[in-house]
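Enquirer: predicted coordinates and the sequence they were generated for:
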Amino acid sequence: MSVDGFTSMVIPMLEGAEMTVLLFLIAIVLSVPLGFVLTLAVNSRNQGISGFAHTYIYIMRGTPLLLQLLVICFGLPMLPGIGQYLVLDRFTAACIGFILNYAAYFAEIFRGGLLAIDKGQYEASQVLGFSRWQTMTRIILPQMFRVVLPAVSNESITLIKDTALLYAVAVPELLHYAQTAVNRDFTIVPFFIAGVIYLIMTLLLTVLFKWLERRFKFE
């Protein structure tokens, strides 16, 4: 394979990787706090709020992400009466789908982290005269963060791989350009290149989370 031929494959795929990274950053930045809000809602004493959060998490975790993306991209605009107001740019629709889906998974991760905190921590904070807010921010959340960090790391790596689903809703990302190169040049080399790019991205994430685990382990 010539240098020009290799370049013609790689450059568009790197442009697609930019879309992959952009979706990942948007999804992770928004789904993590939304997931924590859902965790608080699940633990709410209000049965209505708690029930809604449980139902939401069950639906989002119990149905495929691809189905959710298809509903948001193509299904919502077909709703009678209001469909015309729900027509979204494909990338925007995909971002919404990823955020809503991964928030449910992060909510369960955070809930597990809270359950892992010994009840004696809450009792000790009361003895020390801490308010509910001080207890959560100074004692519970730092410990919860250390507990859930490995699970958040794993889910983040899954997220960056799931961005390949953008291909199914016609958003040009890494896999889209790889498939285009395969069809054009009749070679599977672009698939291997795409695999290497995904491995590099997941490696960077792994290194980042390993660093975070080492840092917070000793604090």
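Expert: All right, it came through fine. Residues are numbered from 1 along each chain as shown.
Enquirer: the helices in the chain, which residues?
Expert: Under the criterion DSSP state H, helices of the chain are mapped to 3-42, 47-62, 65-70, 90-115, 119-127, 132-134, 141-162, 174-185, 189-217.
Enquirer: any chance of those in a markdown table, plus distance to Leu79 and mean pLDDT?
Expert: C-beta: built from backbone N, CA, C; applies to glycine. As requested, these are exported to a markdown table (distance: least, Cβ to Cβ, whole Å; pLDDT from 0 to 100):
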| stretch | distance to Leu79 | mean pLDDT |
| --- | --- | --- |
| helix 3-42 | 23 | 88 |
| helix 47-62 | 17 | 94 |
| helix 65-70 | 14 | 93 |
| helix 90-115 | 14 | 92 |
| helix 119-127 | 45 | 72 |
| helix 132-134 | 41 | 72 |
| helix 141-162 | 26 | 89 |
| helix 174-185 | 28 | 85 |
| helix 189-217 | 35 | 89 |
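Enquirer: what about the ones you listed, which gets the closest to Gly81?
Expert: Ranking the helices of the chain by their distance to Gly81 (criterion: Cβ to Cβ) puts helix 90-115 first, at 19.3 Å.
Enquirer: what residues of the closest one count as buried?
Expert: Neighbour-count burial for helix 90-115 flags 90-91, 93-111, 113-114 (criterion: 16 or more other Cβ atoms under 10 Å).
Enquirer: same for it, what does it pack against?
Expert: Contact partners of helix 90-115 among helices and strands, from 3 or more Cβ pairs under 8 Å, 6 or more residues apart in numbering; DSSP states H and E: helix 3-42, helix 47-62, helix 65-70, helix 141-162.
Enquirer: dump those helices to CSV, plus mean neighbour count and distance to Tyr198.
Expert: Compiled in CSV, the helices and strands packed on helix 90-115 are given as follows (neighbours: other Cβ atoms under 10 Å; distance: least, Cβ to Cβ, whole Å):
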stretch, mean neighbour count, distance to Tyr198
helix 3-42, 17, 8
helix 47-62, 14, 24
helix 65-70, 17, 17
helix 141-162, 17, 6
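Enquirer: which among these is found nearest to Met78?
Expert: Checked against Cβ to Cβ, the stretch from these lying closest is helix 65-70, at 11.2 Å.
Enquirer: other residues contacting the closest one?
Expert: Contacts with helix 65-70, where a contact means Cβ atoms under 8 Å, 6 or more residues apart in numbering, come from 60, 93-94, 97-98, 100-101, 162, 165, 168-169.
Enquirer: redo that, cut-off 6 Å
Expert: Residues outside helix 65-70 that contact it (Cβ atoms under 6 Å, 6 or more residues apart in numbering) are 94, 97, 101, 165, 168-169.
Enquirer: columns distance to Leu66 on top of the residues you listed, output as CSV?
Expert: As requested, these are arranged in CSV below (distance: Cβ to Cβ, whole Å):
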residue, distance to Leu66
Ala94, 11
Gly97, 9
Asn101, 10
Leu165, 5
Ala168, 6
Val169, 9
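Enquirer: of those, closest to Tyr85?
Expert: Tyr85 has its nearest neighbour among the contacts of helix 65-70 in Gly97, at 17.8 Å by Cβ to Cβ.
Enquirer: now Ala194, nearest residue through space, not along the chain?
Expert: Ala178 (4.0 Å; Cβ to Cβ, 6 or more residues apart in numbering).
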